[in-house]
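Colleague: Build me a structure from this.
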Amino acid sequence: MSIDGLPPLREVIERHGLQAKKSLGQNFLLDLNLTSKVARAAGNLDGKTVIEIGPGPGGLTRALLMTGVKKVIAIERDDRCLNAIADIAAHYPGRLQAIADDAMTIDLARLVEPGEHVKIIANLPYNIGTELLVNWLTVPNWPPFYESLTLMFQREVALRIVAQAGDNAYGRLSVLSGWRANSQIMFDIPPSAFTPAPKVISSVVHLEPRAL
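Modeller: Model prediction:
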């Protein structure tokens, strides 16, 4: 057993046949100490509702549920992962809701009650991470329904998000991010921490919406 009383993630992957799919941009983070570090980067989670995109075998999901989070809403388009998420939900009754849907098309705001304290925290698939961020920074109503975004990107993308005018990485994504949010890179994660190992370093970025 691991630190939360559930089976180790490698065992979960083997049991449910969850080998990562390149077509879905999947790279699983299996070290619960690292996923806990990602959860902490989001700040105080006591009583918050967290929306997680692409939980996969549930490493970050489990780290979130070990905090004081009120509820995790996990959006997963890969049906293979739903049984693994169901096992976690049984371990944390009433605190995990799994939704089989596509994060690119689902209206996240409709999943939560008005006034609910919401944070979006995710190890985003590399192939859709930037587009998802743009979508969340351009929601129709501002301030948005969420309090913050804590997201994992390729380091190259993370540098563009936080870049200032004059920086080499400064561009359209930097302008949008700077206009709509205060953002910072919290820490990097090496390729070796993932299964399978990507070819690039990953970075966790925390963004808090500006009151425009």
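Colleague: what kind of secondary structure is the most centrally placed residue in the chain in?
Modeller: Note on the chain: the residue nearest the mean C-alpha position is residue 122, at 0.2 Å, using C-alpha atoms, centre = their mean. Put simply, residue 122 is strand when judged by DSSP: H, G, I helix; E, B strand; the rest coil.
Colleague: Next up, the contacts around it.
Modeller: Neighbouring residues of residue 122 by C-beta atoms under 8 Å, 6 or more residues apart in numbering: 51-54, 60, 150-152. All C-beta atoms are positioned from the backbone trio N, CA, C, and that covers glycine.
Colleague: which ones among those residues are found in strands?
Modeller: Residues from the contacts of residue 122 lying in strands, with DSSP state E as the criterion: 51-53, 150-152.
Colleague: Please produce CSV containing these, extended by pLDDT.
Modeller: Formatted as CSV, those follow (pLDDT from 0 to 100):
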residue, pLDDT
51, 98
52, 97
53, 95
150, 98
151, 98
152, 95
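Colleague: from the residues you listed, which two are the most distant?
Modeller: 51 and 152 (14.6 Å; C-beta to C-beta).
Colleague: how about the closest residue to residue 131 other than its chain neighbours, what does it touch?
Modeller: Closest residue in space to residue 131, ignoring its immediate chain neighbours: residue 104 at 7.0 Å, by C-beta to C-beta, 6 or more residues apart in numbering. For residue 104, the contacting residues are 128, 131-132, 135, by C-beta under 8 Å, 6+ apart.
Colleague: from those, which is closest to residue 46?
Modeller: Taking those together and measuring to residue 46 by C-beta to C-beta, the closest member is residue 132, at 25.9 Å.
Colleague: how close does the residue nearest to the centre of the chain sit to residue 108?
Modeller: Look at residue 122 and residue 108: by C-beta to C-beta, to the nearest Å, they are 11 Å apart.
Colleague: list residues touching both of the two?
Modeller: residue 51.
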